[in-house]
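Participant: Structure for the following, please:
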Amino acid sequence: MPRLTLANTVLAITVFSFTSLQVSADQNNAQTELTQQAKQLVAQFAGQLKPQLKQALQSGGAAHAVDVCAETAPAIAQNLSVESGWIIRRTSDKSRNPEAQADTWEQARIDAFKAAVLADDTQGLEYSEQTTEGFRYAKAQLTEGLCLTCHGKQLADSTKTALKTFYPEDRAKGYELGEVRGIFSLTKPVKPK
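Facilitator: Residues are numbered from 1 along each chain as shown. So this is what the prediction gives:
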């Protein structure tokens, strides 16, 4: 009789271990798939916004680019959110738009990305995890040459005027090339039960 109990115990442990490994593998696969979806959405967002900003700069200067950023970027985020079922936004610790304030999770990501850039580690500038709100993904937005026109230290008077018009509480200036200017923040909400 003791052998049967021992055999049952070993069998139960084996089944439990296998089940736990399978659940863990399924979770890892799901997170990998969600991360890939988030990366594709960020690429779509940037792929739609960047050309429009470049065109605005060429056709109407930085003041026109501010207009495009103020109107077009939120529309792109909204359209992609509706199409994909994700919540897609851009945020920063020095936000331009008061509606784009970083939440606690986002601020932690921004701080971590800034620390990574300071440590000269620009390879790992994305992060994802499952949270109580859903699956969250963040990708650093580094300051590029194009960004300095409206986010740099030296701004044209017309740019300053446009910024005051669209963003009276603007704090998103004074950046240098390569600095973390903010993040793309994506959330795939937990499905209601």
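Participant: Could I get the full set of helices for this structure?
Facilitator: Under the criterion DSSP state H, the chain contains helices at 2-84, 104-118, 145-151, 157-166.
Participant: Hmm, residue 153 is touching residue 179, no?
Facilitator: No - using C-beta atoms under 8 Å, residue 153 makes no contact with residue 179, being 11.0 Å away. C-beta: built from backbone N, CA, C; applies to glycine.
Participant: Looking at these two, which is more packed in?
Facilitator: residue 179 (16 against 9; other C-beta atoms under 10 Å).
Participant: which residues touch the nearest residue to that one once chain neighbours are set aside?
Facilitator: Sequence neighbours aside, residue 143 is the residue nearest to residue 179 in space, at 4.7 Å (criterion: C-beta to C-beta, 6 or more residues apart in numbering). By C-beta atoms under 8 Å, 6 or more residues apart in numbering, the residues touching residue 143 are 151, 152, 175, 176, 177, 178, 179, 180, 181.
Participant: Among those residues, which are located in strands?
Facilitator: Secondary structure from DSSP state E places 180, 181 of the contacts of residue 143 in strands.
Participant: Of the contacts of residue 143, just the buried ones, PyMOL syntax please.
Facilitator: Restricted to buried positions by 16 or more other C-beta atoms under 10 Å, the PyMOL selection for the contacts of residue 143 reads:
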select buried, resi 151+152+175+179+180+181
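Participant: Now tabulate the contacts of residue 143 in a markdown table and tack on distance to residue 69.
Facilitator: Below are the contacts of residue 143 laid out as a markdown table (distance: C-beta to C-beta, whole Å):
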| residue | distance to residue 69 |
| --- | --- |
| 151 | 10 |
| 152 | 14 |
| 175 | 14 |
| 176 | 19 |
| 177 | 19 |
| 178 | 20 |
| 179 | 18 |
| 180 | 18 |
| 181 | 12 |
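Participant: ok, so of the contacts of residue 143, who is nearest residue 162?
Facilitator: For the contacts of residue 143, the minimum distance to residue 162 (C-beta to C-beta) is 12.7 Å, reached by residue 151.
Participant: residues in contact with stretch 89-96?
Facilitator: Here stretch 89-96 makes contact (C-beta under 8 Å, 6+ apart) with 73, 77, 100-103, 106-107, 110-111, 141, 163, 167, 170-174, 181-186.
Participant: Perfect, I'm done here.
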